[in-house]
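> Quick one, what's the 3D model for this:
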Amino acid sequence: MRKIFHNLSSALVAACVLVPTALLAQWEMPPSPVVSEIIGMESLAPSIDLPGTVISRFDSRLASELEAKLIWIAEVGTEVKKDDTLARLEDFTFKIREMEAQSLVDREDARVVFLQSELGRLEQLSERNLSAKSQYDQTVSDLAIAKSDHRIAQAQLGYAQIAMHITQIRAPFDGVVTERLRNIGERLNVADEVIRLVDPNSLEIVARAPLNTVNFIGKGDTLELSNEFRSGEASIRTVVPFGDPQSHMFEIRLDADADIWTVGESVRVSMPTAEPKAVLAVPRDALILRREGTSVFKVNPDSSVTQVSVIVGLGAGRLIEVFGDLVAGDEVIVRGGESLSDGMAVDLGKK
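Reported below is the predicted structural model:
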């Protein structure tokens with residue numbers, strides 16, 4: 001039995017020796033798939049992250065302009081267009097006042113018509129010396145008073161029509177109902193808040209920056225934004241030129257992309273603290289952080305990689321300054337480098 005095992009072992013060894021070199025090459029691991037990027041000189045500045053909040057430029061709490069009972073209000077989440085009705089107040093009293101005002105206008109209108117006719121008749125009689133001048137003058141005076149009363153009645157009708165109009169609270173802009181501040185059946189007073197309307201498509205970010213950053217930013221500059229869920233960029237709409245005398249902070253407002261951000265979201269705004277300078281920079285994702293130090297993998301012409309030790313400098317957004325055996329135009333690995341080692345071949349097919 002031992003002789004049989006010995007013979008089998010010898011046969012296996014001989015088989016391994018006789019395996020062709022080409023077949024062994026087929027068993028080797030394929031090149032690691034990676035993503036690379038060409039690096040270059042970038043204009044970077046040291047920065048700090050400051051808290052900001054996404055708000056809507058159109059966020060209104062609409063109030064009642066009348067004393068009346070609330071009889072209908074839109075549901076939370078309702079999308080409305082400008083001038084759509086958001087709430088209705090009981091309007092019986094205001095309809096009666098409008099009818100009364102219209103009746104006064106009709107009465108004064110009839111009186112003006114009558115006096116105009118009477119004045120015309122007296123003018124014809126005066127041509128024949130058949131009317132007293134005092135009667136004529138009295139009619140002229142009455143007509144002037146009647147026309148004045150007619151204008152007052154029209155003004156009263158206008159007030160009544162306005163009151164009828166504002167028994168419906170209408171949307172001043174396109175938006176979404178986010179809060180009902182009163183319930184159906186409640187009696188409202190003038191200026192009582194009824195409903196909140198927010199435009200989710202007109203967004204901006206409000207942040208407060210110290211003086212040492214305000215000196216290095218201006219209207220139209222683009223800043224990096226980020227939070228735990230997403231990142232992006234936004235341009236500065238305005239820098240409010242008045243600082244808080246206690247905190248020495250200045251308000252910054254940036255235009256926000258409604259496709260990325262939502263109202264009420266917190267963000268970090270990266271703001272420069274010095275003038276930018278030209279530096280050799282790599283994407284932060286290219287850095288390999290290990291016990292022996294920080295490095296990047298540089299791609300060689302033969303698609304192998306060389307591990308290059310680097311020292312990092314200032315960073316801004318996704319880029320960071322590096323010092324090491326790198327030059328502008330080098331290609332570095334930005335994804336997939338964690339499993340690489342010096343001299344390994346890589347597959348750059350996923351650039």
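> Show the contacting residues for Glu100.
Ala160 (CB atoms under 8 Å, 6 or more residues apart in numbering). No exception for glycine: its C-beta is placed from N, CA and C like everyone else's.
> I meant to write Asp84 there.
Each residue near Asp84 by CB under 8 Å, 6+ apart is listed here: 170-171.
> Kindly report the same for Gly175.
Gly175 touches 56, 58, 79-80, 197-200, counting by CB under 8 Å, 6+ apart.
> just Leu225 next, same as before
Taking CB under 8 Å, 6+ apart as the test, what Leu225 contacts is 52, 205, 231-234, 254, 261, 267-270.
> Would you format these as JSON lines with distance to Val346, neighbour count and pLDDT included?
Output for those, formatted as JSON lines (distance: CB to CB, whole Å; neighbours: other CB atoms under 10 Å; pLDDT from 0 to 100):
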{"residue": "Gly52", "distance to Val346": "39", "neighbour count": "26", "pLDDT": "95"}
{"residue": "Ile205", "distance to Val346": "40", "neighbour count": "23", "pLDDT": "96"}
{"residue": "Ser231", "distance to Val346": "27", "neighbour count": "14", "pLDDT": "88"}
{"residue": "Gly232", "distance to Val346": "30", "neighbour count": "15", "pLDDT": "90"}
{"residue": "Glu233", "distance to Val346": "31", "neighbour count": "14", "pLDDT": "91"}
{"residue": "Ala234", "distance to Val346": "36", "neighbour count": "25", "pLDDT": "93"}
{"residue": "Leu254", "distance to Val346": "39", "neighbour count": "24", "pLDDT": "95"}
{"residue": "Trp261", "distance to Val346": "37", "neighbour count": "22", "pLDDT": "92"}
{"residue": "Val267", "distance to Val346": "36", "neighbour count": "26", "pLDDT": "95"}
{"residue": "Arg268", "distance to Val346": "34", "neighbour count": "17", "pLDDT": "94"}
{"residue": "Val269", "distance to Val346": "37", "neighbour count": "24", "pLDDT": "93"}
{"residue": "Ser270", "distance to Val346": "32", "neighbour count": "19", "pLDDT": "89"}
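> and which of the residues you listed is nearest Thr306?
Lowest distance from Thr306 to the contacts of Leu225 (CB to CB) belongs to Ser231, with 30.5 Å.
> now the helix or strand Val279 falls within, how far from the centre of its chain.
Per DSSP states H and E: Val279 is located in strand 277-283. Relative to its chain's centre, strand 277-283 lies at 31 Å (CA atoms, centre = their mean, to the nearest Å).
> One more: stretch 222-233?
With CA atoms, centre = their mean, you get 13 Å for stretch 222-233.
> Ok, stretch 246-265 next?
8 Å.
> Which ones among the contacts of Gly175 lie within strands?
Judged by DSSP state E, the contacts of Gly175 include 56, 79-80, 197-198 as members of strands.
> Toward the C-terminus, what is the element adjacent to the longest helix anywhere in the chain?
As assigned by DSSP state H, the longest helix anywhere in the chain is helix 92-127. For helix 92-127, the following helix or strand on the C-terminal side (DSSP H and E) is helix 133-165.
> What is that following helix packed up against?
The contact analysis (3 or more CB pairs under 8 Å, 6 or more residues apart in numbering; DSSP states H and E) places helix 133-165 against helix 92-127.
> average pLDDT for the helix it packs on?
Model confidence over helix 92-127, given as mean pLDDT, is 90.
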